[in-house]
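Undergrad: Below: sequence and its predicted model.
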Amino acid sequence: MLIDLHTHSYPKSDDSFISVDELIEEAKRLGLDGVCLTEHDAFWSAEETHTLSQRHDFLVLPGVELNTDSGHVVVFGLDRYVFGMHKPAFLRKLVDQHAGVMIAAHPYRRRFLEEPAQNVESRREMLEQAVADEFFGYCDAIEEINGRGSAQENKFSLDLRDRLGMRSTGGSDAHRIGQLGTAATRFQKKITGLPDLIQEIRPGRFCAVDLRYA
């Protein structure tokens, strides 16, 4: 199954230009098997996503993209904001309590600059600093392919994934309709709900897919 694990809709994400119904219908038209709604620090309830799934006859799952002191993280398994989530260690404990999972979103941000990276030594130093960042130790996976990232940025994420020995996901990070269908995550087993998704992410039974070159 191909599922976009990272999307944003308006007005829950105020920087998005897509309504949730437009997002779902476009993902369906593009041939995806499901989408996860991961708004910025805002949550969709299980009841809301179930209603959307029924309305569109399409798999819609709830998640969230949280802003932490060390970067953004896509989380599945939580249903409300709790003060302290901006601290990765606190967030990890909370996610564990709710049997959820954490994915480091667009890990190149704050860690990679394209122009300085043209220098081989500068890029190596950026990568070494990222590898040493304890933030990734709190995550279950890393987002290798971000649909809004450049080829150089996503290559940095790939190299970081390899150095960390982590599993990696793909997601469009769509904020506009034309950004859908760029990246997704392929799962080996059928996903019918959030528990299935979490159960497959934990052991790493998935892979990132760049749909622009698939």
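TA: Sure, I can see it.
Undergrad: List the contacts of stretch 26-40.
TA: The list of residues contacting stretch 26-40 from outside it, by C-beta atoms under 8 Å, 6 or more residues apart in numbering, reads 1-9, 12-15, 18, 20, 23-24, 44, 49, 56, 58-65, 67, 74, 76, 171, 177, 180-181, 184, 191, 197, 211. C-betas here are computed from N, CA, C, even on glycine.
Undergrad: which among those end up buried?
TA: 1-9, 12-13, 18, 20, 23-24, 44, 49, 56, 58-65, 74, 76, 171, 180-181, 184, 191, 197, 211 (16 or more other C-beta atoms under 10 Å).
Undergrad: Which ones among the contacts of stretch 26-40 map onto strands?
TA: Among those, the residues falling in strands (DSSP state E) are 2-7, 59-62, 64-65, 67, 74, 76, 171, 184.
Undergrad: Provide the strand pairings for the helix or strand that residue 169 is a member of, with the direction of each partner.
TA: According to DSSP states H and E, residue 169 maps onto strand 168-171. Strand 168-171 sits in its sheet next to strand 141-146 (parallel), going by DSSP bridges.
Undergrad: can you pull the pLDDT of residue 213?
TA: At residue 213, the pLDDT value in this model is 84.
Undergrad: likewise residue 53?
TA: Predicted confidence (pLDDT) for residue 53: 98.
Undergrad: if I pick the closest residue to it other than its chain neighbours, what's in contact with it?
TA: Nearest residue to residue 53, sequence neighbours excluded (C-beta to C-beta, 6 or more residues apart in numbering): residue 60, at 4.6 Å. Going by C-beta under 8 Å, 6+ apart, residue 60 touches 24, 34, 35, 36, 37, 49, 52, 53.
Undergrad: could you redo the last one with a cut-off of 10 Å?
TA: 7, 20, 23-24, 27, 34-37, 44, 48-54 (C-beta atoms under 10 Å, 6 or more residues apart in numbering).
Undergrad: which stretches of the chain aren't confidently modelled?
TA: 214 (pLDDT under 70).
Undergrad: how about the helices in it?
TA: Applying DSSP state H to the chain gives helices spanning 20-29, 46-56, 88-97, 120-131, 151-164, 194-201.
Undergrad: could those helices go into JSON lines alongside distance to residue 139?
TA: JSON lines is the format used below for those (distance: least, C-beta to C-beta, whole Å):
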{"stretch": "helix 20-29", "distance to residue 139": "25"}
{"stretch": "helix 46-56", "distance to residue 139": "23"}
{"stretch": "helix 88-97", "distance to residue 139": "8"}
{"stretch": "helix 120-131", "distance to residue 139": "13"}
{"stretch": "helix 151-164", "distance to residue 139": "9"}
{"stretch": "helix 194-201", "distance to residue 139": "11"}
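Undergrad: of all these, which lies closest to residue 80?
TA: Ranking those by proximity to residue 80 (C-beta to C-beta) places helix 88-97 first, at 10.4 Å.
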